[in-house]
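J.: I'd like to go over a predicted model; first the sequence, then the structure.
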Amino acid sequence: MTINSVVPVRALQLLTNTISDDSTEDLEITFTENQVGFRFANISLASQLLECNFPDYDVVIPKAAETSCEINRDLLERNVRKVAILSSGDLRVIRMNFGSQSLEMSAESSGVGRADQVM
């Protein structure tokens with residue numbers, strides 16, 4: 001059986017903040033017509049599903065790319081976290097500029113400031 005649903009990002013954020021990275025517990029996910037439920041250890045979370053269609057990512061994401069970039073995951077995560085502190089709004093935008101041997105990241109928040117990080 002295939003289920004196509006759009007789960008609100010806030011529900012997924014709450015779920016990921018609840019589950020520790022080193023957990024070995026199973027996550028149970030249940031769906032009804034308009035809700036999703038998550039059960040993990042002694043925690044239950046329910047959320048309304050969004051009434052929309054998720055974009056066809058096969059059309060949006062290119063099949064092949066002329067350029068590629070390999071970055072150490074931990075290094076990227078540390079740098080994104082540093083810059084994300086000053087990303088504002090619901091979208092929390094981080095701008096990335098890829099050079100031949102570098103990656104520049106920036107984020108800004110009006111009234112607070114700007115964060116720049118170069119890898």
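T.: Cool, got the structure.
J.: after the helix or strand containing Thr30 comes which helix or strand?
T.: Using DSSP states H and E, Thr30 sits in strand 27-31. Note on strand 27-31: by DSSP H and E, the next helix or strand toward the C-terminus is strand 35-40.
J.: Quick one: residues contacting Ile61.
T.: Counting by CB atoms under 8 Å, 6 or more residues apart in numbering, Ile61 touches no other residue. All C-beta spots, glycine's among them, are computed from the backbone N, C-alpha and C.
J.: Can you pull the phi/psi pair for it?
T.: Per-residue torsions, Ile61: phi -90, psi 130 (degrees, to the nearest 10).
J.: Report the separation between it and Thr24.
T.: Using CB to CB, to the nearest Å, we find Ile61 at a distance of 32 Å from Thr24.
J.: next one: Arg78
T.: From Arg78 to Thr24 the distance is 25 Å (CB to CB).
J.: so where is this structure shaky, pLDDT-wise?
T.: Counting by pLDDT under 70, the ranges of the chain that qualify are 89-91.
J.: Double-check that Asn17 belongs to a helix.
T.: Yes. Asn17: assigned to a helix according to DSSP: H, G, I helix; E, B strand; the rest coil.
J.: Can you show me the CA trace of stretch 57-64 as PDB?
T.: Taking Å, rounded to 0.1, in the frame of the first residue of the first chain, the C-alpha atoms of stretch 57-64 are listed here in PDB:
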ATOM      1  CA  TYR A  57      10.300  16.300  -7.200                       C
ATOM      2  CA  ASP A  58      11.300  14.200 -10.300                       C
ATOM      3  CA  VAL A  59      10.600  17.300 -12.400                       C
ATOM      4  CA  VAL A  60      12.200  19.800 -10.000                       C
ATOM      5  CA  ILE A  61      15.500  18.000  -9.200                       C
ATOM      6  CA  PRO A  62      17.800  17.600 -12.200                       C
ATOM      7  CA  LYS A  63      18.600  14.100 -13.300                       C
ATOM      8  CA  ALA A  64      22.300  15.000 -13.800                       C
END
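J.: Thanks a lot, see you next time.
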